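Novice: fold the following, please.
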Amino acid sequence: MVKVGLEIHGYLDTNEKLFCRCKSIHGAKFSKPNTNICPVCTGQPGAKPMLPNSKAVEKAIEISLILGCEINQKLVWQRKHYDWPDLPKGYQNTISGPYATPTGVKGKFLGIKITEAHLEEDPAAWNPLTGEIDYNRSGSPLIEIVTEPDFKNSKQVVEWLKQLITTLDYVKAINKNSGIKVDVNVSVPEMKTERVEIKNVNSMSNIINAINYEEKRQKKEGQKTRERK
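Specialist: Below you'll find the model as predicted:
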C-alpha cells in the first residue's frame, strides 16, 4: 500500500509582501517583470526588513485554527540558507526548521493529520532556460501546510486538496487564483523502498501523475530487489 504525505504552499490573501510594502500580486497579467520590487525584497546591501506583515500573521493563525492545530504563542523566524538565483539574500525567512516553533501543530482536517502549518516568504521566479529572474513575487507571504503520510492513493490526495483550497479560499485566507505548489512524498513500505519527494508540483493532474508513477516505480524496484534475494 502506498503512503503519501504533502507539503502544501499557498499564497496568503494579503495586499502586501511579508517584510516590505510592495504589493503581493502574481502572474504576468498583473504586472511586468521586476516592476513590483524594492531594495528589501530584492536583497540589496544595507536594506533592512520591516516588521512582519500583521495580516499575513493573522491569516496564518486563522488557517492553523481551521486545520485544528494547536497555536504556538511565540513565533521565532529562522533563516533557511541556500544559494540559488531566486534567493537574492542567500536565505529564506521562515518559521520552520529543526529548532523552529511552527505557527500551528498537531491538527487534523477531513481525516488527515496535520504535522504543522507555518508562515514563510516566497523566493523569486527563476527561468532556468533563459536565466531570467522576476522578483515581483519575491517576499510574498506563503503558508506551508505539512501533512502526515495518511493518504492511500492519488485520487484521495486530489479530492482532499480541492476541499482544502475551497475552504481556505472561502474565508479569504489564501488566494486561490495564484495557485499552489506541492511537495509530494511517496513511499511503499511493503516494498521496503526509500521515500521519494517530488518537489514543486503545481497542478492537480501533475500531482496524480507524480504519485501514480512513483508508486509504480517503487513497486517495480521492490519486486526486483526481492527477486535478487
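Novice: ok, now which ones touch T14?
Specialist: T14 makes contact with 24, 53, 55-56, 59, 141 under the criterion C-beta atoms under 8 Å, 6 or more residues apart in numbering. Any C-beta I mention is one placed from the backbone N, CA and C, and that applies to glycine too.
Novice: point out where this structure drops to low pLDDT.
Specialist: Low-confidence regions of the chain, defined by pLDDT under 70, span residues 26-31, 229.
Novice: where exactly do the helices run in it?
Specialist: 54-66, 154-170, 204-228 (DSSP state H).
Novice: quick check, I66 in contact with A173.
Specialist: Yes - if you go by C-beta atoms under 8 Å, I66 and A173 touch, sitting 7.3 Å apart.
Novice: more crowded one of the two?
Specialist: The residue with more neighbours, out of I66 and A173, is A173; 21 against 17, by other C-beta atoms under 10 Å.
Novice: circling back to that earlier point, closest one to V182 among the helices of the chain?
Specialist: helix 204-228 (6.0 Å; C-beta to C-beta).
Novice: give me the residues contacting the closest one.
Specialist: 2, 4, 153-155, 157-158, 161-162, 182, 184, 186-188, 190-193, 196, 198, 201.
Novice: same thing but at 6 Å, please
Specialist: 2, 4, 154, 158, 184, 186, 188, 191, 193, 196, 198, 201 (C-beta atoms under 6 Å, 6 or more residues apart in numbering).
Novice: swap in stretch 160-179?
Specialist: By C-beta under 6 Å, 6+ apart, stretch 160-179 touches 10-13, 26, 59, 62-63, 110.
Novice: and the buried ones among those residues, selectable in PyMOL?
Specialist: Buried residues within these, by 16 or more other C-beta atoms under 10 Å, are selected in PyMOL with:
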select buried, resi 10+11+12+13+26+59+62+63
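Novice: looking at the contacts of stretch 160-179, which is nearest T103?
Specialist: I63 (8.1 Å).
Novice: for the closest one, list the residues it contacts.
Specialist: 117, 143, 173.
Novice: so it versus Y91, what's the distance?
Specialist: 24 Å (C-beta to C-beta, to the nearest Å).
Novice: with F109 instead?
Specialist: 30 Å.
Novice: more neighbours: the two, which one.
Specialist: The neighbour comparison of F109 against Y91 (other C-beta under 10 Å) goes to F109, with 18 against 14.
Novice: doesn't L65 make contact with the more buried one?
Specialist: No - between F109 and L65 there is no contact under C-beta atoms under 6 Å: 11.0 Å.
Novice: now do the strands in this protein.
Specialist: 3-11, 70-71, 78-81, 91-94, 104-109, 112-121, 125-126, 133-134, 141-147, 180-187, 196-201 (DSSP state E).
Novice: which strands or helices does the fifth one pack on?
Specialist: Identification of packing neighbours for strand 104-109 by 3 or more C-beta pairs under 6 Å, 6 or more residues apart in numbering; DSSP states H and E yields strand 70-71, strand 112-121.
Novice: now that strand against strand 112-121, angle please.
Specialist: 130 degrees (axes from the mean of the first three to the mean of the last three C-alpha atoms, to 10 degrees).
Novice: pull the most distant pair out of the contacts of stretch 160-179.
Specialist: That would be H26 and L110, which, of these, are the farthest apart (C-beta to C-beta) at 26.8 Å.
Novice: burial count for the nearest residue to D150 once chain neighbours are set aside?
Specialist: Leaving aside its sequence neighbours, D150 sits nearest to I112 (C-beta to C-beta, 6 or more residues apart in numbering; 4.8 Å). Using other C-beta under 10 Å, I112 is surrounded by 19 other residues.
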